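> predicted coordinates and the sequence they were generated for:
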Amino acid sequence: MSILRFSPMKASVLFISFVSASLSLAAAADAPYSVEEISVPKGLAPEIGGLGFTPSGKLVVLTRRSGVLMAQPDTDPAKFQWSVFSDQSLHNPNGLLVISDQEILVSQMPELTRLKDTDGDGAADVYEALTPLNLSGAYHEVTAGPVPDGKGGYFLALNTASHAGFTFAHTRGDYSEVSRRGRNFASVTYRGWVLRIDANGKAEPWAKGFRSPNGIMLDPNGDLWVTDNQGDFRATNPLYHVQKDHFYGHPSSLVWDPEYVKNDPKRDPLKQPFSELDAMRAPAAVLFPYGFSRSPAEPVVDLTGGKFGPFEGQMLVGDEAAPRIIRVMLEKVDGVWQGACADFFSGNGLRNGTNRMVFSPSGKELYVGQTMREWAGAMEGLQRIVFHGGNVFEVLGMHLKKDGFEIRFTQPVDAGTAESPEAFSTETYWYEYGSKYGGEELEKKVVHPTQVQWSADRKSVRLTYNEMSAKRVYRVTMSGATSGKSPLGHAMVAYTVNRLTK
């Protein structure tokens, strides 16, 4: 553990952007949500790798190339007064955890770092290296997190390297020629893993099999969640419920599992039959339809108590390559997490590039930080989504039954609408596990429920099908449903069935 002390620019120096910000971007006057553009300091590259709030209510913004900024939010998004908490160069930082007004943790590419303001001037003067992270030199080896583990430590998620980059002659961490092969690879220790960092900074390998896990979160119940990105051994984008010692499908990281290589130190997972790897891997809780989700990032849970709408306790997931935030509705079936995803907010002024999100202390705003990545067609900057109140007509939940699903809505559905099976067009499909980049929806077929039964209050509907199968995604697209003659906000919901109800 090493500590560096600096005399950075004093926090009293403020940057005021001249960039104007509209109060609402492309939203109808009566829309429950709108997007506001937050002005950032002139000359700053607003590639955002982390967002948080201090106990006193200051917004903390971690940028990829311009250090860490703070501001007290203003009702006018053009009038944020920014101060510099850290103007020191950080190496591709992509994660932030606020400890206090004087202390934050940052995950840089090479390490987990503590930044502290010890003299009370509002700027960090101590940079403490807590945990070194192994690197081959490839540009793709970024890190997500840290997130608290609930026991005084933290979780981090480490990307693999990409074949589009290269490895240096001198690496940090042990080097494996066996795991240098493949499109995405883990040629140095614990790339493609989730690590647990204890309170003393010591790293413990926690779970393996990840490709590009750009989102990690511990929910209020103590469950750990990680998003991953489509690519080799990833037919589409998954959301994983992560448990210790489990394998999540990308084989490169297996060379750093002592159990996997104990009988053969040069055991090559890319030479193992896919059927054996498939049998080893834990399933995704949710498989996001590709195209709907292009590059999922960090999840957040709505704990606003209804101040941000009717989705308390549900998960929101940003997307770097699409102007969309996805809503996730989870349930546990036969001891396994699974569930549905739907659109929460898309377009209407929201940019591509959503990388990190945080709810405001009031709970009425969701701050959204975007970052530029050329392959994703992403953009960059800082926005916030504001809830104005009023009726929100959306799918509230989707629950698996023995013979179909129950879909609940936020508002009563008008009598006489969405009565027929044809109003709930359903596609079912699955994905093949294998090494190729991405994958098609296979064995796809369109079905209609055999029976549609509405509850007396018209806030839920039971859909019955002739047959229900595990290891299938059921994508339901609804038509004709209205509430007070207003159409359903988003008509598609997709449920990943890992287990059937008993």
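Great, that's in hand. Numbers count the residues shown, from 1 in each chain.

> remind me which residues of the stretch 201-350 of the chain are low pLDDT?
Applying pLDDT under 70 to the stretch 201-350 of the chain picks out no residues at all.

> and what of the chain?
Low-confidence segments of the chain (pLDDT under 70): 1-29, 373-378.

> spatially central residue for it, please.
For the chain, Glu298 is the residue whose C-alpha lies nearest the centre (Cα atoms, centre = their mean; 2.6 Å).

> who touches the helix or strand containing it?
Element membership for Glu298, per DSSP states H and E: strand 296-301. Contacts to strand 296-301, defined as Cβ atoms under 8 Å, 6 or more residues apart in numbering, come from residues 144, 214-217, 219-220, 225, 227-229, 237, 239, 288, 313-320, 326, 328, 354-359, 366. Just so you know, the C-beta spots here come from the backbone N, C-alpha and C atoms, and that holds for glycine as well.

> mind checking which of those residues are in strands?
Residues from the contacts of strand 296-301 lying in strands, with DSSP state E as the criterion: 144, 215-217, 225, 227, 237, 239, 288, 315-319, 326, 328, 354-359, 366.

> give the buried subset of those as a PyMOL selection command.
Only the buried entries of the ones in strands among the contacts of strand 296-301 go into this PyMOL selection, using 16 or more other Cβ atoms under 10 Å:
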select buried, resi 144+215+216+217+225+227+237+239+288+315+316+317+318+319+326+328+354+355+356+357+358+359+366
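
> where along the stretch 401-502 of the chain do the strands fall?
404-409, 424-430, 442-447, 451-454, 460-464, 472-478, 482-483, 486-487, 492-497 (DSSP state E, counting those that start in this stretch).

> how about the helices of the stretch 251-400 of the chain, start to end?
Listed in chain order, the helices of the stretch 251-400 of the chain (DSSP state H, counting those that start in this stretch) span 258-261, 274-280.

> Glu422: which of the ones you listed is closest?
helix 274-280 (36.1 Å; Cβ to Cβ).

> centre of the chain to that closest one, how far?
Centroid displacement of helix 274-280 relative to its chain, using Cα atoms, centre = their mean, to the nearest Å, is 26 Å.

> buried residues, that helix. List them.
Buried, per 16+ other Cβ under 10 Å, within helix 274-280: Leu277, Met280.

> now it - C-alpha only, PDB.
C-alpha atoms of helix 274-280 as PDB (Å, rounded to 0.1, in the frame of the first residue of the first chain):
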ATOM      1  CA  PHE A 274     -18.400 -26.400 -25.400                       C
ATOM      2  CA  SER A 275     -20.900 -28.800 -23.900                       C
ATOM      3  CA  GLU A 276     -18.700 -29.300 -20.900                       C
ATOM      4  CA  LEU A 277     -18.200 -25.600 -20.400                       C
ATOM      5  CA  ASP A 278     -21.900 -25.000 -20.800                       C
ATOM      6  CA  ALA A 279     -22.600 -27.500 -18.100                       C
ATOM      7  CA  MET A 280     -20.300 -25.700 -15.700                       C
END
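
> so which elements touch it?
Helices and strands touching helix 274-280, by 3 or more Cβ pairs under 8 Å, 6 or more residues apart in numbering; DSSP states H and E: there are none.

> which other residues reach it?
Counting by Cβ under 8 Å, 6+ apart, Phe247, Gly249, Pro251, Pro269, Tyr433, Gly434, Ser435 sit against helix 274-280.

> would you mind listing which of the residues you listed are buried?
Among the contacts of helix 274-280, the ones that count as buried by 16+ other Cβ under 10 Å are Phe247, Gly249, Pro251, Pro269, Tyr433.

> can you pull the contacts of the second one?
Contacts for Gly249 were tallied using Cβ under 8 Å, 6+ apart; they are Gly209, Phe233, Arg234, Leu277, Arg281, Ala282, Tyr433.

> what about the strands in the stretch 151-300 of the chain?
Under DSSP E, counting those that start in this stretch, the stretch 151-300 of the chain gives strands at 154-158, 161-162, 184-185, 193-197, 203-208, 215-218, 224-227, 237-242, 286-288, 296-301.

> what residues sit buried inside stretch 249-268?
By neighbour count, with 16+ other Cβ under 10 Å as the criterion, the buried positions of stretch 249-268 are Gly249, His250, Pro251, Ser252, Ser253, Leu254, Val255, Trp256, Asp257, Tyr260, Val261, Asp268.

> now, the most widely separated pair of these?
Farthest-apart pair in the buried residues of stretch 249-268 is Gly249 and Val261; separation 18.0 Å (Cβ to Cβ).

> out of the strands of the stretch 401-502 of the chain, which is closest to Leu382?
With Cβ to Cβ as the criterion, Leu382 lies closest to strand 492-497 of the strands of the stretch 401-502 of the chain, at 28.7 Å.

> how distant is the closest one from the center of its chain?
Worked out by Cα atoms, centre = their mean, strand 492-497 lies 18 Å from the chain centre.

> also stretch 130-142?
Put simply, stretch 130-142 sits 20 Å off its chain's centre (Cα atoms, centre = their mean).

> what do you get for stretch 481-489?
Stretch 481-489 has its C-alpha centroid displaced from the chain centroid by 29 Å (Cα atoms, centre = their mean).

> and stretch 124-131, by the same measure?
Here stretch 124-131 is found 26 Å from its chain centre; the criterion is Cα atoms, centre = their mean.

> on that earlier part again, now render the strands of the stretch 151-300 of the chain as JSON lines, adding distance to Leu488.
Formatted as JSON lines, the strands of the stretch 151-300 of the chain follow (distance: least, Cβ to Cβ, whole Å):
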{"stretch": "strand 154-158", "distance to Leu488": "35"}
{"stretch": "strand 161-162", "distance to Leu488": "40"}
{"stretch": "strand 184-185", "distance to Leu488": "39"}
{"stretch": "strand 193-197", "distance to Leu488": "37"}
{"stretch": "strand 203-208", "distance to Leu488": "37"}
{"stretch": "strand 215-218", "distance to Leu488": "27"}
{"stretch": "strand 224-227", "distance to Leu488": "26"}
{"stretch": "strand 237-242", "distance to Leu488": "23"}
{"stretch": "strand 286-288", "distance to Leu488": "20"}
{"stretch": "strand 296-301", "distance to Leu488": "23"}
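
> select, out of those, the one closest to Val476.
strand 286-288 (14.5 Å).

> circling back to that earlier point, tell me which of the buried residues of stretch 249-268 is nearest to Ser469?
Closest to Ser469 out of the buried residues of stretch 249-268 is Gly249 (20.9 Å), distances taken as Cβ to Cβ.

> so for the closest one, what's the nearest residue that isn't a sequence neighbour?
Spatially, and ignoring its direct neighbours in sequence, Gly249 is nearest to Arg281 (4.2 Å; Cβ to Cβ, 6 or more residues apart in numbering).
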